[in-house]
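A.B. asks: Sequence first, then the predicted structure, then my questions.
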Amino acid sequence: HQSAIRWYQYALIVDPGSTAVRDGLARLYVQLFRESGDPDWLHQAATELAVSTSLNPLDGRPPYRLGTIYLLQAEQPIWASYRDSLNAQAAQAFKNSISVDPFSPFGYFELGKLYRGKGDRTSAQEVFERAISYEPNFIPARMALAELAQERGQPDVAHMHLRAIETIRWK
């Protein structure tokens, strides 16, 4: 892995504005975190993606990935005291991703999960519905809407979403 890191760093010397290289390096850092459990790799990945976001503010992928890294950081015991701040940073990153790429359902879905985790079912429902308005076949958001409807005591609405999921899978 160290050899790959050196090559990525060399590529950044050659082309410091390359967001693709920074994205690759960030992905490698996340992989190293998964292999080692060392949360410092997540910090390094977040740094690369933050730079990527600033270099190309018109690409919705880096802020989305940055949001997912903030969520991974929030799960780490070493950063437990920063959990609320990391979740807020993740929410902001997903909002940034949505503003740049409003037709991708992924940012909406992750933001909806954050709202739901905070107990804000109304906001969660709104962003899940926006996700399927742009991507009607996005099953994770439909499933989340079915679960929310069930929690709210709306079995007919939940059943409607489950039928839609069955239809999508059938197609």
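C.D. replies: Received, thanks.
A.B. asks: only C-alpha atoms for contact and neighbour calcs from this point on.
C.D. replies: Will do.
A.B. asks: Would you map the helices across the protein?
C.D. replies: 2-14, 19-36, 40-55, 61-74, 83-100, 105-117, 121-134, 139-151, 155-170 (DSSP state H).
A.B. asks: now the ones you listed as CSV including mean pLDDT and mean neighbour count?
C.D. replies: Shown next, in CSV, are the helices of the chain (pLDDT from 0 to 100; neighbours: other Cα atoms under 10 Å):
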stretch, mean pLDDT, mean neighbour count
helix 2-14, 87, 13
helix 19-36, 93, 18
helix 40-55, 95, 20
helix 61-74, 96, 24
helix 83-100, 97, 20
helix 105-117, 97, 23
helix 121-134, 97, 19
helix 139-151, 96, 20
helix 155-170, 94, 15
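A.B. asks: show me what contacts the residue most central in space within the chain?
C.D. replies: Central residue of the chain (Cα atoms, centre = their mean): residue 68, 3.9 Å from the mean position. Applying Cα atoms under 8 Å, 6 or more residues apart in numbering, one finds that residue 68 lies in contact with residue 90.
A.B. asks: gap between it and residue 147?
C.D. replies: Residue 68 is 22 Å from residue 147, where distance means Cα to Cα, to the nearest Å.
A.B. asks: residues contacting residue 69?
C.D. replies: 42, 45, 46, 90.
A.B. asks: And those, which is closest to residue 63?
C.D. replies: Proximity of these to residue 63 (Cα to Cα) peaks at residue 90, which lies at 8.8 Å.
A.B. asks: Surely the closest one touches residue 71?
C.D. replies: Yes: with contact defined as Cα atoms under 8 Å, residue 90 reaches residue 71; the gap is 6.2 Å.
A.B. asks: The residue nearest to the centre of the chain and residue 89, how far apart?
C.D. replies: 10 Å.
A.B. asks: what's the answer for residue 122, then?
C.D. replies: 21 Å.
A.B. asks: got it, and residue 105?
C.D. replies: 19 Å.
A.B. asks: same thing with residue 20?
C.D. replies: Taking Cα to Cα, one finds residue 20 at 23 Å from residue 89.
A.B. asks: what does residue 74 give?
C.D. replies: Taking Cα to Cα, one finds residue 74 at 10 Å from residue 89.
A.B. asks: With residue 56 instead?
C.D. replies: Residue 56 is 19 Å from residue 89, by Cα to Cα.
A.B. asks: now residue 22
C.D. replies: Residue 22 is 20 Å from residue 89, by Cα to Cα.
A.B. asks: residues touching the residue nearest to residue 76 when sequence neighbours are not counted, list them.
C.D. replies: Once flanking residues are discounted, residue 76 sits nearest to residue 39: 7.1 Å by Cα to Cα, 6 or more residues apart in numbering. Neighbour list for residue 39: 33, 73, 76, 78 [criterion: Cα under 8 Å, 6+ apart].
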